[in-house]
Structures are given as C-alpha cells and as structure tokens.
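# I would like the atomic coordinates for the input below:
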Amino acid sequence: MTDFPFDRLRRWPDVEATNLFASDATDRLILDLADEAFAAAAPGETVVIGDRYGALTLGAAHRGATRIRTHQDELSGERALAANAAALASTDAFTNLPLDGTLLRGARVVLLQLPRSLDALAEIAETIARYAAADVTVYAGGRVKHMTPAMADVLATYLGSVTASLAQQKSRVLIAREPRPVAGEPRWPAREFHADLDLWVCAHGAAFAGTKVDIGTRFLLGFLDGLPSAQTAIDLGCGTGILATAVARARPAMRVTATDQSAAAVASARETALVNSVADRVTVVRDDGLSGWADGSAELILLNPPFHIGATVHAGIAGKLFEDAARVLKPGGELWTVWNSHLGYRAALERTVGPTRQVGRNTKFTVSVSVRR
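Reported below is the predicted structural model:
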C-alpha cells in the first residue's frame, strides 16, 4: 500500500497560514492503531467523528475502510473534507451525517479527534454507547499537551474499558471498548435558566460556553437598547443563540437570523429560541460565515468573534467575519461587535467595514459600532 499523501491536504475554505496545518501526528497515530480494525469491519461499520480537514476519513479510506460515516461539527471542516476528497478522487468514500443514530448505529470502529470540551466528549461518548455495536472499538486521539485525565474518565462513564497508547510525536490515543447500557432520553441539549436575564440557554455539548452566558456576550447585551431601527438583523457566529433571542425579545417587530458553522451551535440556538418563545421570529441556519448571503443585503449584524482556531490563538477567523460583514451590509448598515480590548480590532474594523466608534468598554471588552461605507 502506498503512503497516504497527508501533505496534499488543505484547510481551505478555512483559514490557511504557515502555522496552521491540515493534519498532525494524532491523525497518523489513530490510523496506525486502527489499521487492523479496518480489515475486520464491514462496509459502513467505520465512523469518523471530529475529523478536522479529512485526514482521518480519507486516510481510513486509503487503508481499506468503505462506506465511512463521518460527522464534523464545523461546516468549514465538511467543506475542506469535500475539497480534499475531490482532489484525491475519493468523493464516494464517505457520507456526512449528524451526531445521532444514523451516524453510529451498528458501528464497530470509531475514529475520534478528542474535542477540547468535556461536554462535547460526553455527548459523543453517550451517543456511541447508545447506538454502536457491542464490540465497537473507539480510537480517541489528541495532542498530549491538550489531553487531561478527565477525558479518560468521561469515556469510562460510557465505555467499560479505556486504555491509553504510548505517546508518539507528542500525540496519544485512548482506546475504549465495551459500551455501557444507556437508558432514558439523551442528556442533550442541556438547559439552564439565567434569572438575571430572564433567559433560558440551551446547549449541545460542543456549543461554546455551554449553557453559560460568556462574559463578552453578557457585556454586549447591555447595549441592545442602542441598536438602530431595522427590520432584520443577523447574529453572526451565534453560538447558543443568546444574542438572537435577546434581540428578538427586545424588538418584537424585528426578524433575526442566527448563523453559525457549528452543527452543535445551530441545534442549540434553535432550542434556545424555542424555549424562550421567539422561534417564530428567529431563523437559525448553518453557514460558513455569511457565504450564503448576497452582497449589500443586511441592515444590522451583531458579532462576538472567536479569537482562536482550534487550540491556536489566531486572529484569522475574526478577520474573515469582518470581511463577510463588510460585503453583506448595505451602505449605512451597522456591525455591532464585542471584542477583547487587548486585540485592538478597531483598526481592522475601520479598514474593512468603515467608520468605527466605541460605545462601551470595561476592563476586558470593547463594544464598537462600524458603519458600512
């Protein structure tokens, strides 16, 4: 068998930079440890979860796995996998599926890039235990510096046997077997009521901040009374849908679209809008930024941009979202952004979107309004 061409994989359409890579040693170690399992698995019995840009899915196909079922939370990852599959003539090797029974029913081999969030891992492990075959083997890998003993504990809650491989090139794999019986309804989405905001927040495991209200969003919520008159608004990178839901409640005549590339965030935002009785005025869509929006079509955008890509602190995502907002806003339309003050985004917002003013600042965050030229 020829070696799989990891060096041909790209991150596109995700952010690309010299310090950002489409695969790493964890992908290689997972594939090496699962190599014999691919031969024993029947078509459709191999599942890949959390593949970032296609290394695990396409690498497994290269090693003989067929009819692979795969789930990626981020839409940019799905699109990168599709682009890499096309480049390698492997587009028929896999099917994208949600994190549910259609993904995992009867699975005997599961390849998993460990998520940073323990809640995300718990939801994955619960779903594996609920639907996978009794003889399933899970190969869950990560970079040693990002792995914690709690990850093995979470897996052990749902699978009776959890062992760890030796570390190689600063990566390690947890190998889990013997799924435990799971009774009752799934735990997810979780929900929490925030009395100070009179707001329910619903969250699947992989949604940023879970059922909490992150401090940046909380700061921006204090300025909603100053929003301009508009018929429509977009909550860009909506997470659990807190901003979209709050705006819909504060402005009953306004229609709000909440958008995020995370499948977990989109499902969470729908639930948040539903339990807060604004689902009729909040539309939630999964999109990579604003790729599905026409130029000059939006009146108002709200944004709490991430400042990291995976485990790497990087301003590339924020810059991409600023560019999307600039393209989609109508002339005179406004982008309301909350950002970590030390990042100094004002110059980038001025350059990309238009004149920018500060409307609020505390010890950590700045809220700014940028007007499209």
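
# make it CA atoms for all contacts and neighbour counts henceforth
Fine.

# wait, is residue 289 part of a helix?
No: with DSSP: H, G, I helix; E, B strand; the rest coil as the criterion, residue 289 is assigned coil and is not in a helix.

# The closest residue to it other than its chain neighbours - how many residues pack around it?
Spatially, and ignoring its direct neighbours in sequence, residue 289 is nearest to residue 321 (6.0 Å; C-alpha to C-alpha, 6 or more residues apart in numbering). As a burial measure, residue 321 scores 20 neighbours (other C-alpha atoms under 10 Å).

# Going by residue numbers, what spans are helices in the stretch 201-350 of the chain?
215-221, 242-250, 263-275, 316-328, 346-352 (DSSP state H, counting those that start in this stretch).

# Next, format the ones you listed as CSV and append mean pLDDT and distance to residue 233.
As requested, the helices of the stretch 201-350 of the chain are arranged in CSV below (pLDDT from 0 to 100; distance: least, C-alpha to C-alpha, whole Å):
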stretch, mean pLDDT, distance to residue 233
helix 215-221, 96, 15
helix 242-250, 97, 8
helix 263-275, 98, 15
helix 316-328, 91, 12
helix 346-352, 96, 19
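
# can you tell me which of these comes nearest to residue 40?
Proximity to residue 40, assessed across these by C-alpha to C-alpha, is greatest for helix 263-275 (31.1 Å).

# ranking the helices of the stretch 201-350 of the chain by burial, who's on top?
The highest mean neighbour count among the helices of the stretch 201-350 of the chain belongs to helix 263-275 (a mean of 25), with neighbours defined as mean count of other C-alpha atoms under 10 Å.

# what's the spacing between the residue nearest to residue 289 and residue 63?
Counting by C-alpha to C-alpha, to the nearest Å, the gap from residue 321 to residue 63 is 37 Å.

# Break the protein down into its domains, please.
In the assignment given by automatic domain parsing, the structural domains of the chain cover 6-179, 190-371.

# With respect to residue 48, which of the helices of the stretch 201-350 of the chain lies nearest?
For residue 48, the closest of the helices of the stretch 201-350 of the chain is helix 263-275, at 15.6 Å, according to C-alpha to C-alpha.

# For residue 250, give its distance to residue 226.
11 Å.

# make that residue 300, sorry
With distances defined as C-alpha to C-alpha, the gap from residue 300 to residue 226 amounts to 12 Å.

# neighbour-wise, which of the two wins?
It is residue 300, of residue 300 and residue 226, that has more neighbours when counted by other C-alpha under 10 Å, with 25 against 8.

# Do I have it right that that one meets residue 335?
Yes: using C-alpha atoms under 8 Å as the test, residue 300 is close enough to residue 335 to be in contact (6.1 Å).

# Quickly list what's touching both of those two.
residue 329 (C-alpha atoms under 8 Å, 6 or more residues apart in numbering).

# Poorly predicted segments of the chain, please.
Regions of the chain meeting the criterion pLDDT under 70 cover residues 1-2, 307-316.

# Go again with 80.
Across the chain, the stretches falling below the confidence threshold (pLDDT under 80) are 1-2, 306-316.

# quick check: longest strand of it.
For the chain, the strand with the greatest residue count under DSSP state E is strand 329-340.

# And it, what's buried?
Applying a neighbour-count criterion of 16 or more other C-alpha atoms under 10 Å, the buried positions in strand 329-340 are 329-331, 333-340.

# can you put the residues you listed in CSV and add distance to residue 4?
As requested, those are exported to CSV (distance: C-alpha to C-alpha, whole Å):
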residue, distance to residue 4
329, 43
330, 46
331, 49
333, 48
334, 47
335, 44
336, 45
337, 43
338, 43
339, 41
340, 41
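
# centroid residue for the chain?
The residue at the geometric middle of the chain, judged as the C-alpha nearest the mean C-alpha position with C-alpha atoms, centre = their mean, is residue 262 (3.6 Å).

# Please name the residues that touch the spatially closest residue to that one that is not a sequence neighbour.
Here the nearest residue to residue 262 in space, its sequence neighbours aside, is residue 74; by C-alpha to C-alpha, 6+ apart that works out to 4.5 Å. With contacts defined as C-alpha under 8 Å, 6+ apart, the neighbours of residue 74 are 261-263.

# Tell me the one among the residues you listed nearest to residue 156.
The closest of the contacts of residue 74 to residue 156 turns out to be residue 263 (C-alpha to C-alpha; 25.4 Å).

# Good, we can wrap up now.
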